[in-house]
Structure formats: C-alpha cells, structure tokens
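Asker: Quick one: sequence and predicted model below, then my questions.
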Amino acid sequence: MRFLWLIFTLIPAPFLFHFYEYGQHVRQVEASFLFLGALLHVVITGVLAGHIKYRYIILINIITGILSLFLAIYLIPDDGDWFKPLGRDLTIIFTAIVFLIGQLLVSFVSKAFFARKGD
C-alpha cells in the first residue's frame, strides 16, 4: 500500500493539470475532465496516504511540486495572458500546494475512518 501511494504521489499532477488545461486552451476546447481528474487524483492519493506519516506526505509532495515546476519550465510556454496574475511558475506551485492540502485533508479523514474501523 505504501509503494502504491508513493507511485501515485510522484505523478506530477500539478504539471499535468496545467499541461492539459493550457493544451485545451490553445486548441480552444473546454477542458471538461480537468476538475474530475484532479479531484480523483487527490482522493486516491489521500486515501492511500491513510497509513503514511504527515511529514512523508509533505516531503513527497514537495518533491512532486519541484518536479512539476521543472517539467512546466521546459514543456509549457510562459503565456503571460493565460497565467495571470501569478505567472506560470507560481501557478504551478500554488496548484501543488492546493493538491497537498487536499491530500492531507483526505488522509486525515481516512486515518480517522481506519482508526474507527479497527475498534
């Protein structure tokens, strides 16, 4: 279970979120699966993190955020009009933080569920 959590958490979800979003923007198509995919990723990684210590969750998410930032620097153009007002790099970091908070909240709920189930 821990290895599966590590694999899912190391997926650069903040980068993929904006890569898909920007790609759809360039093609002038609505990014219809963006929210659902992001929510699904947060819930799955949060539930898998039910038995992981919070410091490891934060550490791996920092690594994922840095990986996402490097991928964005090389693969997503810095379109100032699209990434207003923060810019591409801060937008990726902000998204990584939002994903981390979501995973911590889901992990907290799942830990409480697992603890209660064990009683």
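Answerer: Ah, there it is. Numbering: from 1, shown residues only.
Asker: What separation do you get for Leu69 and Lys111?
Answerer: 29 Å (CB to CB, to the nearest Å). Bear in mind the C-beta positions are built from the backbone N, C-alpha and C, glycine included.
Asker: Quick one: list the elements packing against whichever strand or helix holds Phe70.
Answerer: Using DSSP states H and E, Phe70 maps to helix 54-75. In terms of contacts (3 or more CB pairs under 8 Å, 6 or more residues apart in numbering; DSSP states H and E), helix 54-75 is packed against helix 2-9, helix 13-26, helix 88-118.
Asker: cutoff 10 Å now
Answerer: With contacts taken as 3 or more CB pairs under 10 Å, 6 or more residues apart in numbering; DSSP states H and E, helix 54-75 sits against helix 2-9, helix 13-26, helix 34-48, helix 88-118.
Asker: Residues touching the first one, excluding its own?
Answerer: By CB atoms under 10 Å, 6 or more residues apart in numbering, the list of residues contacting helix 2-9 from outside reads 41, 44-52, 56-57, 59-61, 63-64, 99-100, 103, 107.
Asker: Flag every buried residue along the helix holding Phe70.
Answerer: 57, 60-61, 64-65, 67-69, 71-72 (16 or more other CB atoms under 10 Å).
Asker: just stretch 108-115 next, same as before
Answerer: 110-111.
Asker: How many residues are close by the residue nearest to Leu105 when sequence neighbours are not counted?
Answerer: Sequence neighbours aside, Gly46 is the residue nearest to Leu105 in space, at 7.0 Å (criterion: CB to CB, 6 or more residues apart in numbering). Using other CB atoms under 10 Å, Gly46 has 24 neighbouring residues.
Asker: Tell me where the model's unsure across this protein.
Answerer: Applying pLDDT under 70 to the chain picks out residues 117-119.
Asker: Kindly recompute the last result at 90.
Answerer: 1-2, 25, 31-32, 50-51, 78-86, 111-119 (pLDDT under 90).
Asker: returning to what we had before: could the buried residues of helix 54-75 go into TSV alongside distance to Gln24?
Answerer: Putting the buried residues of helix 54-75 into TSV (distance: CB to CB, whole Å) gives the following:
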residue	distance to Gln24
Ile57	30
Ile60	28
Asn61	25
Thr64	22
Gly65	22
Leu67	22
Ser68	18
Leu69	21
Leu71	17
Ala72	16
